[in-house]
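In: Quick one: sequence plus predicted model below, questions after.
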Amino acid sequence: MVNFGYSPLSVHIQDIDKVDLGLSNQLAKDDPSFLLCIACGSCTATCTAGKFTNFSFRQMCHSIRRGENKLAISESEKCMLCGKCTLACPRNVNTRNIIRLVRKANQNI
Ligand code: SF4
Ligand code: SF4
């Protein structure tokens, strides 16, 4: 390993071989638009639920990619399914359907 003279905090280290990508892979299969997200944040900026809670669709997707599935599933419950984020997304990510699929995954955990 190269010694750069510093090391990351242990909480910031992620062993990618141990990350649970089960939900991420399932979403990519059930709704491939999940893979189109570029994390621009337009959905979060327009989110109705975000006005009343700390919900962020972008953060939820980030959590799923990090294998933090339980956190993502519990966060998905804050969504009101209004659909504004779908209109705002420049990549045509089917956000509402992804939230629906994440909630459905809750039944399988
Ligand atoms: S607006 Fe679309 S591309 Fe941007 S973060 Fe949200 S889902 Fe991803
Ligand atoms: S559908 Fe959910 S995530 Fe999208 S804007 Fe509405 S409350 Fe926010």
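Out: Thanks, I have it. Numbering: from 1, shown residues only. Ligands and ions are numbered 1, 2, ... in the order given.
In: So which residues on the chain come close to ligand 1?
Out: Residues of the chain lying close to ligand 1 (Cβ under 6 Å from any ligand atom) are 37-43, 57-58, 88-89, 91, 93, 95. (C-beta placed from N, C-alpha, C; glycine too.)
In: ChimeraX command for the buried members of those residues?
Out: Filtering the residues of the chain next to ligand 1 down to the buried ones (16 or more other Cβ atoms under 10 Å) takes a single ChimeraX command:
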select :37,42,43,57,58,88,89,93,95
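In: for the record, mean pLDDT for the helix or strand encompassing Val102?
Out: Using DSSP states H and E, Val102 maps to helix 95-105. The pLDDT scores in helix 95-105 average 96.
In: and it, is it in reach of ligand 2?
Out: Yes. Against ligand 2, helix 95-105 shows contacts by Cβ under 6 Å from any ligand atom at 95-96.
In: Next, the buried residues of that helix.
Out: Of the residues in helix 95-105, 95-96, 98-102, 105 count as buried by neighbour count, 16+ other Cβ under 10 Å.
In: That helix - contacts with which helices or strands?
Out: helix 22-30, helix 57-65, helix 69-76, helix 84-88 (3 or more Cβ pairs under 8 Å, 6 or more residues apart in numbering; DSSP states H and E).
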